[in-house]
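Visitor: okay, predicted coordinates and the sequence, questions at the end:
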Amino acid sequence: MLSIFIKMSANWKKAQASLKEAEKMRVEAELKNLKNQINPHFLLNTLNNVYSLIEFDKEKAQEAIQDLSKMLRYILYNQRDYVSIHEEVGFIMNYVKLMKIRLTDNNEIITDISVSESSTTQVTPLLFISLVENAFKHGISATDKGFIHISISEPESGIISCVISNSYHPKSDSDKSGSGIGLEQVSKRLELMYPNKYIWNNYITDNGATYVSNLTLYK
């Protein structure tokens, strides 16, 4: 009986190990798929902005192309599951800079970054950018005033807070401008990379004028 029990226990452990490996492979495949959805949208958005700049300021267009090349290298050659918060913030700031190219004075963009230079906190790459893309999609209007406020901070070591608020200009289903991977995919990435280690509240204010996304990542 003892030998049977030992054999059954060994088989159970082997089966559990196989299940864990299968789950790991599934998670990795889903993450790869989500990242592949991000890149084309990002590239199209930024290329459109650089193209518009070429028409009236070639010098600034050259600078924008250099910024874009840095961002593309970050995407193409960064296959890590986690990167430093400083790398991710730098990527976001370059993105905001490029997106501001075509904006008029009717739009206010404010960024507030409060992360210690000595911070060693790691985050999953290209997570916040999806929220920023969404803000540009709905926060900017060609005819009305708009605003986007982006705040990224580290209130405590290892805890990252990203709060984005923007004016809310709903788009029609046919309008694909600024289209990102969508909030559903953001939610999936959070569940995969930060299970039980995040709080994300996103909502439209009661007056329907402002959209808020408040995301906190924990250790």
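Guide: That came through fine.

Visitor: for Tyr198, grab phi and psi.
Guide: phi -150, psi 160 (degrees, to the nearest 10).

Visitor: how close does it sit to Ser165?
Guide: Tyr198 is 19 Å from Ser165, where distance means Cβ to Cβ, to the nearest Å. Quick note: C-beta positions are derived from backbone N, CA and C, even for glycine.

Visitor: neighbour count: those two, which is higher?
Guide: Ser165 (19 against 16; other Cβ atoms under 10 Å).

Visitor: for the protein, which segments count as helices?
Guide: 2-54, 58-76, 85-99, 128-139, 183-193 (DSSP state H).

Visitor: which helices and strands does the last one pack with?
Guide: Spelled out, that is helix 183-193. In terms of contacts (3 or more Cβ pairs under 8 Å, 6 or more residues apart in numbering; DSSP states H and E), helix 183-193 is packed against helix 2-54, helix 128-139, strand 198-204.

Visitor: how does it look with 6 Å?
Guide: On a contact count with 3 or more Cβ pairs under 6 Å, 6 or more residues apart in numbering; DSSP states H and E, helix 183-193 meets helix 2-54.

Visitor: then the second one?
Guide: Applying 3+ Cβ pairs under 6 Å, 6+ apart, we find helix 58-76 packed against helix 2-54, helix 85-99.

Visitor: can you flag the weakest of those by average pLDDT?
Guide: Across these, helix 2-54 has the smallest mean pLDDT, namely a mean of 68.

Visitor: what's the longest strand belonging to the chain packed up against?
Guide: In terms of residue count, the longest strand belonging to the chain (DSSP state E) is strand 146-156. Helices and strands touching strand 146-156, by 3+ Cβ pairs under 6 Å, 6+ apart, are strand 107-114, helix 128-139, strand 159-167.

Visitor: strand partners (parallel or antiparallel) of it?
Guide: strand 107-114 (parallel), strand 159-167 (antiparallel) (DSSP bridges).

Visitor: pipe those into JSON lines and attach distance to Leu217 and mean pLDDT per row.
Guide: Output for the strands paired with strand 146-156, formatted as JSON lines (distance: least, Cβ to Cβ, whole Å; pLDDT from 0 to 100):
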{"stretch": "strand 107-114", "distance to Leu217": "15", "mean pLDDT": "96"}
{"stretch": "strand 159-167", "distance to Leu217": "5", "mean pLDDT": "97"}
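
Visitor: just name the most buried of the ones you listed.
Guide: Comparing the strands paired with strand 146-156 on average neighbours per residue, with mean count of other Cβ atoms under 10 Å, the densest one is strand 159-167 at a mean of 20.
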